[in-house]
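K.L.:
task: produce atomic coordinates for the following.
(one chain, ligands or ions: 1)
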Amino acid sequence: MADAKTLIVPKGATGVLVFADGSVVFGRGFGAVGEAVGELCFNTAITGYQEIMTDPSYAGQVVTFTFPHIGNVGTNADDVEADTPFALGCVVRQDVTEPSNFRNVQPFDDWMRDHGRIGLSGVDTRALTRMIREKGAPNIVIAHDPDGAFDLAALAARAAAWPGLEGMDLAIEVTGKDSRLWEGGPWTLGVGYSSPLPLAGGVGGGAVTADTPDMPSPNPSRKREGDDSRPHVVAIDYGAKNNIFRNLVKAGARVTVLPATATFDQVSALGPDGVFLSNGPGDPAATGAYAVPVIRQVLDADIPVFGICLGHQLLGLAVGAKTIKMHQGHRGANHPVKRLEDGLVEITSMNHGFAVDAATLPANVRSTHISLFDGSNCGIALTDKNAFSVQYHPEASPGPQDSFYLFQRFVDGLKKAVAA
Ligand SMILES: NC(=O)CC[C@H](N)C(=O)O
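P.N.:
Model (predicted):
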């Protein structure tokens, strides 16, 4: 690793990572030309780079992929967790080659360019990952210029001036702005995304904006539309991955998605049988003003709650626990988690840089899952209410589907409550 103050850009270096401490890593730029500042993390998943890049939880971050062949199956319109990438950029070992896959629609480097995302290839990603593991996730600038005309000292100063993810609220920036009805289940080969039930009004699959520009019509009596007897889940979108909604639908729920800033009145006006708290980017403690008070009201109203990742951390905060910034975080598709109720091990997908501090859980909240990598908290459940959450990603995308049972458990619980 070189130093920004003394270095001359080597010939052929069209991309660079510049660290807040002045260290520099050169490579070849691809995708968009420009620069971006954020936190550098690493993800160990072998597949699913398009899902990872489009996961809104990666806002404010640049992803180092430890798997060396990124881009080799191209990109398509289906393997996305949101309409656009949210990771600022990525760092990869090998240059992006011609895509080889029957589902390819556009090469990865072109897709990155079209979405304004910067890539850096030709980097020793093993060394970079070791550095992140040793020193913690650093603040960096990633830059791409075909002429290699980098002002390294200025880029280092920009990285050093960036305040960092701790204390930064990003959910507010990435949340969907409108309420919407969600329809459509998970993807299967040869079928695509399923749409198990038509929406009231005859709209087909996918996400649709509700009839009214602000909120779907209130449904306080929990009356079903048409013959739709599915329990109604109101999902609060702090930067949600679409596959979460698809899995809620697969488990048998009707899903309405509300923005992160939805008030308790707006949530309860929909007559929810359950409330879902989504994943999302940034520091959970920085969302305090809008997220946590609403979650407390939902708990007080005895509405069942299920949360994932940021939603897990927000539920933790709502019950009075604290969250902490992790040294390097957990990002990958093979993280073992122990389910404490029976000792079963789930292999999970993860993406988080903050965690609930288990030592701060109050007496009415039990720890339900722990990471087998470092013992950190990976799940909680209230002992006096129907509310639980996990730090990892049972929706996978990418990753193993061991933990789908959590969606089923949540929705089955709602079905029973509705029938009672
Ligand atoms: N995937 C997520 O929801 C991430 C939650 C939070 N932003 C973290 O980094 O821990």
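
K.L.:
can you pull the buried residues of the longest strand anywhere in the chain?
P.N.:
The single longest strand within the chain, with elements called by DSSP state E, is strand 323-339. Judged by neighbour count using 16 or more other CB atoms under 10 Å, the buried positions of strand 323-339 are 323-325, 328-333, 335, 337-339. Placement of C-beta: from N, CA and C, glycine included.

K.L.:
just those residues that are near the ligand?
P.N.:
Near the ligand, judged by CB under 6 Å from any ligand atom, there are no entries from the buried residues of strand 323-339.

K.L.:
now those as JSON lines including pLDDT?
P.N.:
Formatted as JSON lines, these follow (pLDDT from 0 to 100):
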{"residue": "T323", "pLDDT": "98"}
{"residue": "I324", "pLDDT": "98"}
{"residue": "K325", "pLDDT": "98"}
{"residue": "Q328", "pLDDT": "96"}
{"residue": "G329", "pLDDT": "97"}
{"residue": "H330", "pLDDT": "98"}
{"residue": "R331", "pLDDT": "98"}
{"residue": "G332", "pLDDT": "98"}
{"residue": "A333", "pLDDT": "98"}
{"residue": "H335", "pLDDT": "98"}
{"residue": "V337", "pLDDT": "98"}
{"residue": "K338", "pLDDT": "98"}
{"residue": "R339", "pLDDT": "98"}
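
K.L.:
residue in the stretch 1-150 of the chain nearest to the ligand?
P.N.:
S57 (3.2 Å; CB to the nearest ligand atom).

K.L.:
which element follows the lowest-mean-pLDDT helix or strand in the chain toward the C-terminus?
P.N.:
The helix or strand of the chain with the poorest confidence is strand 206-209; it has a mean of 42 (mean pLDDT, DSSP states H and E). Sequence order places strand 232-237 as the next helix or strand after strand 206-209, per DSSP states H and E.

K.L.:
what does that following strand contact?
P.N.:
175-176, 182, 219, 222, 244-245, 248, 253-260, 262, 267, 270-278, 280, 291, 294, 311, 410-411, 414 (CB atoms under 8 Å, 6 or more residues apart in numbering).

K.L.:
distance of A240 from H369?
P.N.:
Noted for A240: a distance of 21 Å to H369, by CB to CB, to the nearest Å.

K.L.:
same thing with D300?
P.N.:
Distance from D300 to H369, by CB to CB: 25 Å.

K.L.:
please say which of these two ends up with more neighbours.
P.N.:
Set D300 next to H369 and count neighbours by other CB atoms under 10 Å: H369 wins out with 27 against 10.

K.L.:
spatially, what comes nearest to the more buried one if we skip its sequence neighbours?
P.N.:
Among residues not flanking H369 along the chain, G379 sits closest, at 3.2 Å (CB to CB, 6 or more residues apart in numbering).

K.L.:
tally of neighbours for that neighbour?
P.N.:
G379, neighbours per other CB under 10 Å, totals 26.

K.L.:
next up, the contacts around the closest residue to E341 other than its chain neighbours.
P.N.:
Spatial nearest neighbour of E341, chain neighbours left out: T368 (6.6 Å); criterion: CB to CB, 6+ apart. By CB under 8 Å, 6+ apart, the contact set of T368 is 339-341, 379-381, 388, 390.

K.L.:
could you rerun that using 7 Å?
P.N.:
339-341, 379-381, 388 (CB atoms under 7 Å, 6 or more residues apart in numbering).

K.L.:
do the same with V25
P.N.:
1, 16-17, 123, 128.

K.L.:
let's go with 6 Å and repeat that
P.N.:
Neighbouring residues of V25 by CB atoms under 6 Å, 6 or more residues apart in numbering: 17, 123.

K.L.:
check it and give its pLDDT.
P.N.:
pLDDT recorded at V25 is 97.

K.L.:
any of the contacts of strand 232-237 buried? List them.
P.N.:
Buried among those by 16+ other CB under 10 Å: 175-176, 182, 244-245, 248, 253-260, 262, 267, 270-278, 280, 291, 294, 311, 410-411, 414.

K.L.:
so which of those residues are also by the ligand?
P.N.:
Within the buried ones among the contacts of strand 232-237, those near the ligand by CB under 6 Å from any ligand atom are G280.

K.L.:
narrow the buried ones among the contacts of strand 232-237 to those in strands?
P.N.:
Here DSSP E is the test, and those give 182, 254-259, 274-277 as lying in strands.

K.L.:
so what's the closest residue to H312 other than its chain neighbours up against?
P.N.:
Excluding the flanking residues, the one nearest H312 by CB to CB, 6+ apart is S389, at 3.7 Å. Neighbouring residues of S389 by CB under 6 Å, 6+ apart: 307, 311-312, 315, 380.

K.L.:
state the pLDDT value of S389.
P.N.:
98.

K.L.:
what bridges to it?
P.N.:
G307, I380 (DSSP bridges).

K.L.:
likewise G119?
P.N.:
For G119, the beta-bridge partners are F30, C90 (DSSP bridges).

K.L.:
mind listing what L165 touches?
P.N.:
39, 60, 283.

K.L.:
with adjacent residues omitted, what lies nearest to it?
P.N.:
Counting by CB to CB, 6+ apart, the residue nearest L165 is E39, at 5.2 Å.

K.L.:
I'm done for today, thanks for sticking with me.
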